[in-house]
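Peer 1: show me the folded form of this:
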Amino acid sequence: MPNTPDDSLIRDLMTTLTLTEITPDVFSAPSFDYVGARVFGGQVLAQAMMAGAKTLQIDKPCHSFHGYFLRGGDIRLPVIYQVRRLRDGRSLSARQVVAVQNVPNNPDDPTLGTTEQVIFSMIASFSPMEGGLDYQESMPRYPHPDTLQSEQELKDAHVGKIPDALKARYLRKRHVEIRPVTPRDPIHPQPMRPRQANWLRINGLQDQPVAIHQALLAFASDFYLVGTGLMSHGLSFMTKGLQVASIDHSMHFHRPFDVSDWLLYDMWSDTTSHAKGLNHGQFWQDGRLVATTQQEGLMRLVGGEHVTGSS
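Peer 2: Model prediction:
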């Protein structure tokens, strides 16, 4: 299945990762409409990583981050990233990154000023890659991406089932090329074991520093992960009355990778309770485990019955 990268989508991603330093260790970044009126969590993850990396005295890749989404951001406003230098050792460097937006007190009267709202907080740790003990499990076996339909092709197949009011947004091109291994029906999902896998890449990225590859993998990690916990209940993002939002997100980077080449994103959920679901993911490339991620998401069915599931 031929794929030609869309240059405008690549430009959007690179603009997203272009931060402007407004005062020492404080950066401004643009917001984009990736998923709707609220700032996409993957955007904030990627920009926060870039902000932390920009304050390093010696260039080091990120090896882990742990973040909390505290409020939904507004795509009409830029995001300000405030970085605090927690530690700079010979190997490890730690940064706290707080993302804020200056929200108008009255959109119709700019003289009334703004209020600073914290939308996200992260601690990230950076360390050079070095030799040492090395072990991993075997890469899961799934069909090769060349044998699978793209997410866009699957959307086209379902378009007749999508309400007219949602069609334009549903059919928009994704900035990450995704090929689901076992596609689900978004309109009539059936309860199933909460495990799914996607192949993904950002084709046409060209040569980029490690920080860009890591930030873009963090960006891509926020697609599909929170929805894994919905699978055992037979729910999808189009289920009437469903409220879903990411609460936190952590990630560990284990080995080098190239986000412009195919990566396998293997995801599963082991529990949902008290209106929350815990979701896990692993990224694989060429047989190597390159990153792991974990996310807890809000899952609230408003006006619906209590739904339980088990394997």
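Peer 1: what's the burial count for residue 157?
Peer 2: As a burial measure, residue 157 scores 11 neighbours (other Cβ atoms under 10 Å). Where you see a C-beta, it was placed from the backbone N, CA and C, and this is true even at glycine.
Peer 1: quickly find the element holding it.
Peer 2: helix 151-158 (DSSP states H and E).
Peer 1: against which helices or strands is that helix packed?
Peer 2: Under the contact criterion of 3 or more Cβ pairs under 8 Å, 6 or more residues apart in numbering; DSSP states H and E, helix 151-158 touches strand 177-180.
Peer 1: what ranges do the helices span in the stretch 51-200 of the chain?
Peer 2: Residue ranges of the helices in the stretch 51-200 of the chain, as given by DSSP state H, counting those that start in this stretch, are 151-158, 164-170.
Peer 1: correct me, but residue 174 touches residue 152?
Peer 2: Yes - between residue 174 and residue 152 there is a contact at 7.2 Å, judged by Cβ atoms under 8 Å.
Peer 1: now for the two: what residues contact both?
Peer 2: In terms of Cβ atoms under 8 Å, 6 or more residues apart in numbering, residue 174 and residue 152 are not both contacted by any residue.
Peer 1: thinking again about what came up before, least reliable of the helices of the stretch 51-200 of the chain by average pLDDT, please.
Peer 2: Per-segment mean pLDDT for those reaches its minimum on helix 164-170, at a mean of 68.
Peer 1: what number of residues lie near residue 104?
Peer 2: 15.
Peer 1: what sits against it?
Peer 2: 110, 112, 113, 114 are the contacts of residue 104 under Cβ under 8 Å, 6+ apart.
Peer 1: most neighbours among the residues you listed, which one?
Peer 2: Neighbour tally across those (other Cβ under 10 Å): the maximum, 13 neighbours, falls on residue 114.
Peer 1: and the nearest residue to residue 40 once chain neighbours are set aside, how far from residue 80?
Peer 2: Among residues not flanking residue 40 along the chain, residue 34 sits closest, at 3.8 Å (Cβ to Cβ, 6 or more residues apart in numbering). Noted for residue 34: a distance of 19 Å to residue 80, by Cβ to Cβ, to the nearest Å.
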